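Chemist: Pasting the sequence and the predicted coordinates here, then a few questions.
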Amino acid sequence: MSVHIALLRAVNVGGTGKLAMSDLKALCEKAGFEDVKTYIQSGNVLFRSQLSAEKAGKALDDALAKLMGKAPGVMVRSRKQLETIAENNPFADAKPNYLMVNFLPEEAPADALDKLVAPDGEEVHAAGHEIYVHYPNGSGRSKLKLPALKQATSRNLNTVRKLAELAAEMEDAGD
């Protein structure tokens, strides 16, 4: 069985889509996922499943839609994918908590950065299904505008690394 890391969009952020992590865990177990673990309150869940990443994400998104009234959007990645994302960080000198990885449901289009407005010196790099954003002054008050992020869910680099570590522990325990 594969270990999947699901990243939920628009959950427990800015008052939208409140979901207790205990409810998320129960929902995942009801959907047939095994060894379910959540990490922090921002909609991160790790689990084992026979389903492919795509099918597991769809099953979870559908279950969340029934519970919440609409599908929040679920991006599923593997441990190896998260490790590669962390290793390929284009802003190596950025503080990890000032670097956000924006996970997209599809590959970023070639023009993803064309409408970028970065008034506070933010740096942006698109790579496959992710867009990295370095916020030199932090993301909290940033006025960055980038339409390509509308369907994304963001995690800072520390969280990406921790999720990869937790997935590695699950994989090692399953051997």
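Modeler: Looks like it came in fine.
Chemist: Now do the strands for the protein: every range, in order, please.
Modeler: With DSSP state E, the ranges of strands along the chain come out as 2-8, 34-39, 44-49, 74-77, 99-103, 123-127, 130-134, 153-156.
Chemist: Name whatever forms a beta bridge with the residue positioned nearest the centre of the chain.
Modeler: Centroid check for the chain by CA atoms, centre = their mean gives Leu7 as the closest residue, at 3.7 Å. For Leu7, the beta-bridge partners under DSSP bridges are Asn44, Met75.
Chemist: Hmm, Thr159 and it touching each other?
Modeler: No. In this structure, Leu7 is not within contact of Thr159 by CB atoms under 8 Å, at 9.2 Å. (Glycine included, C-beta is placed from N, CA and C.)
Chemist: any idea of the pLDDT on the residue nearest to the centre of the chain?
Modeler: Here, the pLDDT recorded for Leu7 equals 96.
Chemist: going forward can the numbers begin at 36, since that is how I track them
Modeler: Taking 36 as the first residue, the last one we looked at is Leu42.
Chemist: give the contact list for it.
Modeler: By CB atoms under 8 Å, 6 or more residues apart in numbering, the residues touching Leu42 are Gly78, Asn79, Val109, Met110, Val111, Arg112, Phe138, Thr188, Arg190.
Chemist: Let's see the pLDDT reported for the third one.
Modeler: Here the pLDDT value assigned to Val109 is 94.
Chemist: now do the last one
Modeler: Arg190 carries a pLDDT value of 95.
Chemist: so how many other residues sit close to the closest residue to it other than its chain neighbours?
Modeler: Leaving out its chain neighbours, the residue that sits closest to Arg190 by CB to CB, 6 or more residues apart in numbering is Val136, at 5.6 Å. As a burial measure, Val136 scores 22 neighbours (other CB atoms under 10 Å).
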